[in-house]
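K.L.:
sequence and predicted model, in that order:
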Amino acid sequence: GEGGGAGWEVDPGCKFAYICAGVATCLMEPGASTGRPLHAAAASLLGVALHQGAEQRKRAESVDNDREADESDAKPTEPKWHSVLKKRLRKLYDIGPQDAFITACERIARKHPKWLLKDSSTAITELNTLLPKVHGEPRFVALSALAKVAECDKDASAAFAEAMLPTLPTLLAARDPHIHVLALRSLARTLPTLAEEAGRWPNGRKIDQVAWRVALERAEKELWGSADSGVRDAHAQLCVAVASHVPTLADSPAVRSPLLRALAEGGSGSGDRAAESNAGGEDSAASTVLKHWHSHLPGSSLAAATAAAVQSRSTALDSTDANDAAGNLGRRLCAALRTLPTANDSASLDATAAGWLAAACHVVL
């Protein structure tokens, strides 16, 4: 094009629309069995184009705000290639290959997930329908797309949780650790938004505690013996999120048992080392679980009191501080020991009880 080979940019004229329409022809035809790499690349480019187009419309709307009302009331028409893309996705879903439909949705969701919420979230409904039916990589890709859309806004987050909780048993039964980790972490990310909405009741939506309890019980049944550390970490972090944002479920065995196991598993390491290793990044499951237990025990540990004293006065801990901290020890230890390991069957109970006393001392001290 003009101006050298610097690449094309979003442009309100026909050139951009023609380019996008051309890229859309690279998507797989309904019923085709070849062309998947080109299809994925084309969907990625269309996702970028959708995002850039949305950004351009935002800029145009901000300019229109300075114009008179009769000039700015007219809504911009949707580019024709959008409808071409929608029709192609619909045919891929209806006729197949459905994994091509899933791939296209996920590639679009990487750059412009809100586009999948158009037309009454038809694409999201279709992805939710396919999720329990497909297996392997297509299932992971479909779940990835849904998780990205769930981060768009509070309504999308609530809809994701509502659809995912009944589907969770099917996902966990597949014994795919990648699916397990993604599902658990995605659900955990919805809880702050759900709790915020519940706090606005009756103007907000209540959390479906029954659905969460049933899903957590199934997760505990399927995952208590998982050999994958990533799955165990994601399970524990979900339980921390539930205990924090749905306090009525905090004492449920399906929430408490994974947290006790995580505490026992991390009991041989130092909480300070865990925190240091995660400086500047997301907390590890071990440090997250430790924070949870510290917040649920009365008083503070001797180590925490020492650190607070040093930070506040830059001096050694005096005898008064030490005595106060030591006085908390009995109350903290009794509270920790009252948190007995519980489970629905003997095998998971043994797994939860293993290392429990050492873990209790770890969090108390």
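P.N.:
Done, it's in.

K.L.:
tally of neighbours for residue 52?
P.N.:
For residue 52, the count of nearby residues is 16 (other Cβ atoms under 10 Å). All C-beta atoms are positioned from the backbone trio N, CA, C, and that covers glycine.

K.L.:
give me the below-cutoff pLDDT ranges for the stretch 251-365 of the chain.
P.N.:
Applying pLDDT under 70 to the stretch 251-365 of the chain flags the ranges 266-283, 298-365.

K.L.:
which parts of the stretch 51-200 of the chain are helices?
P.N.:
All helices of the stretch 51-200 of the chain, identified by DSSP state H, counting those that start in this stretch, fall at 69-72, 80-95, 98-111, 118-130, 137-150, 154-173, 177-198.

K.L.:
next, the angle from the fourth one to helix 137-150.
P.N.:
Going back to what we said before, that points to helix 118-130. Going by axes from the mean of the first three to the mean of the last three Cα atoms, to 10 degrees, helix 118-130 is angled at 140 degrees with respect to helix 137-150.

K.L.:
just the buried residues of helix 118-130, please?
P.N.:
For helix 118-130, burial by neighbour count (16 or more other Cβ atoms under 10 Å) applies to 121, 123-124, 126-128, 130.

K.L.:
of those, just say which sits nearest to residue 252.
P.N.:
Of all those, the one with the least separation from residue 252 (Cβ to Cβ) is residue 128, at 26.4 Å.

K.L.:
any idea how far residue 291 is from residue 245?
P.N.:
14 Å (Cβ to Cβ, to the nearest Å).

K.L.:
which one of these two has more residues nearby?
P.N.:
Between residue 291 and residue 245, counted using other Cβ under 10 Å, residue 245 has the larger neighbour count: 21 against 16.

K.L.:
pull the contacting residues for that one.
P.N.:
If a contact means Cβ atoms under 8 Å, 6 or more residues apart in numbering, then residue 245 has 191-192, 194-195, 207 as its contacts.

K.L.:
what's the most distant pair in these?
P.N.:
The widest separation within the contacts of residue 245 (Cβ to Cβ) is 11.4 Å, between 192 and 207.

K.L.:
so the two - more neighbours on which side?
P.N.:
residue 207 (22 against 14).

K.L.:
look up phi and psi at the more buried one.
P.N.:
Residue 207 adopts backbone torsions of phi -80, psi 130, taken as degrees, to the nearest 10.

K.L.:
I'd say it and residue 249 touch.
P.N.:
No: using Cβ atoms under 8 Å, residue 207 is not in contact with residue 249, being 9.3 Å away.

K.L.:
before I go, just wanted to say thanks for your time.
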